[in-house]
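Asker: What follows is a predicted protein model with its sequence.
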Amino acid sequence: MVDRKIALITGASSGMGLAASIALLRAKYYVVMLCRDSSRGEAARQQAIKESGQSQAEVLLCDLASLDSIRNSASLFKERHTHLDVLINNAGVVSTKRHTTVDGFERMIGVNHLGHFLLTNLLLEKLQAAKQGRIITVSSGAHKVGDIHFPDPHLTNHFGLIKGYAQSKLANILFTNTLAVLLADTNVTANSLHPGAVSTSLGVNRTTGFGKGIHSLLRPFFQSPAKGADTAIYLATDPHMSAISGAYFYKRQIASTSKRAQDRNLADSLWKWSKEEVGLE
Ligand SMILES: NC(=O)c1ccc[n+]([C@@H]2O[C@H](COP(=O)([O-])OP(=O)(O)OC[C@H]3O[C@@H](n4cnc5c(N)ncnc54)[C@H](OP(=O)(O)O)[C@@H]3O)[C@@H](O)[C@H]2O)c1
């Protein structure tokens, strides 16, 4: 049995997810690194152990582009652990072309929102079993140009990179806000954040490497992954954050969101639609 606080971080194989894993290991958390690829996951775990000097980390294999995989991984987590103190919904994808997940969802809304929606709901009882559970979802300032494109959130008709990415990042905030309302009388908080512009592998094709060049060019102007993960770590660990829920943060401060991100009707419609899409009762 683990006697430390437990944190689960999605997309822990690279970028801010890996940086957050290292920071939480240093803060003496037991870290569950959710990764979709076993060899990349194990390499990331070894790097996190080396850089933090702490060995309390495991890889939890999960492809957020598959509802079956999410259900299996959540079951495994529940068998292994009694509680979950911190869930950081960090994994994200950007696609130049329209791709679909195993379940036929447009990939950005599928991975960035629906995957995390299901994972979070399946882990809620473990978050409530913690002394004070925290759900932190990594959104983006890109949400400000986003809308939820009912009746076609999977963008079967008019796909666009910015349209799809901004929709998924707006969904991250609307989801967080509904969670905060539903969890108001519990020991669990839910907040979202914008990490700023960070030099990572976001948008780089993992097979062909396409997109790496653009990242190298922009690197001098962007923050490091460790700096980018700072607000998530603050929300996860700071004692003052135990009573704040339903807020959106940038640089450790509550920041303003778009009007759409504050729309309760839109949030309710998204919640209802998401439940149906992932098959939750
Ligand atoms: N970088 C920025 O400037 C910026 C700005 C605003 C918001 N954000 C947000 O920050 C978050 C972290 O992104 P990052 O910049 O650190 O990018 P990154 O280095 O590309 O990391 C993304 C992570 O998500 C994982 N992932 C992708 N698809 C997955 C799937 N189907 N199942 C499980 N994991 C999956 C990746 O795993 P693999 O290694 O296996 O691909 C990787 O670990 C994202 O939510 C992004 O939208 C980033």
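Answerer: Here it is on my side, so go on.
Asker: Find me the pLDDT at the residue of the stretch 51-200 of the chain found nearest the ligand, would you?
Answerer: Per Cβ to the nearest ligand atom, residue 92 is where the stretch 51-200 of the chain lies closest to the ligand, at 2.5 Å. C-beta: built from backbone N, CA, C; applies to glycine. As predicted, residue 92 sits at a pLDDT of 97.
Asker: Run through the residues that contact the closest residue to it other than its chain neighbours.
Answerer: Spatial nearest neighbour of residue 92, chain neighbours left out: residue 112 (5.1 Å); criterion: Cβ to Cβ, 6 or more residues apart in numbering. Contacts for residue 112 (Cβ atoms under 8 Å, 6 or more residues apart in numbering) come out as 91, 92, 93, 165, 168, 169, 171, 172.
Asker: if you set the cut-off to 10 Å instead, what comes out?
Answerer: 11, 64, 89, 91-94, 137-140, 164-165, 167-169, 171-172 (Cβ atoms under 10 Å, 6 or more residues apart in numbering).
Asker: rewinding a little: hang on, the residue of the stretch 51-200 of the chain closest to the ligand packs against residue 198?
Answerer: No - using Cβ atoms under 10 Å, residue 92 is not in contact with residue 198; the gap is 11.2 Å.
Asker: Common neighbours of those two, please.
Answerer: By Cβ under 10 Å, 6+ apart, the residues touching both residue 92 and residue 198 are 15, 16.
Asker: Contact residues of the stretch 51-200 of the chain facing the ligand?
Answerer: The stretch 51-200 of the chain comes close to the ligand at residues 63-65, 90-93, 111, 138, 140, 194-195, 197-198, 200, as judged by Cβ under 6 Å from any ligand atom.
Asker: beta partners of the residue minimising distance to the centre of the chain?
Answerer: Centroid check for the chain by Cα atoms, centre = their mean gives residue 89 as the closest residue, at 2.0 Å. Beta bridges link residue 89 to residue 137, judged by DSSP bridges.
Asker: Sketch out the low-pLDDT regions of the stretch 101-250 of the chain for me.
Answerer: Under the criterion pLDDT under 70, the flagged ranges of the stretch 101-250 of the chain are 211-220.
Asker: Please repeat the previous calculation with a cut-off of 50.
Answerer: The model of the stretch 101-250 of the chain has no residue with pLDDT under 50.
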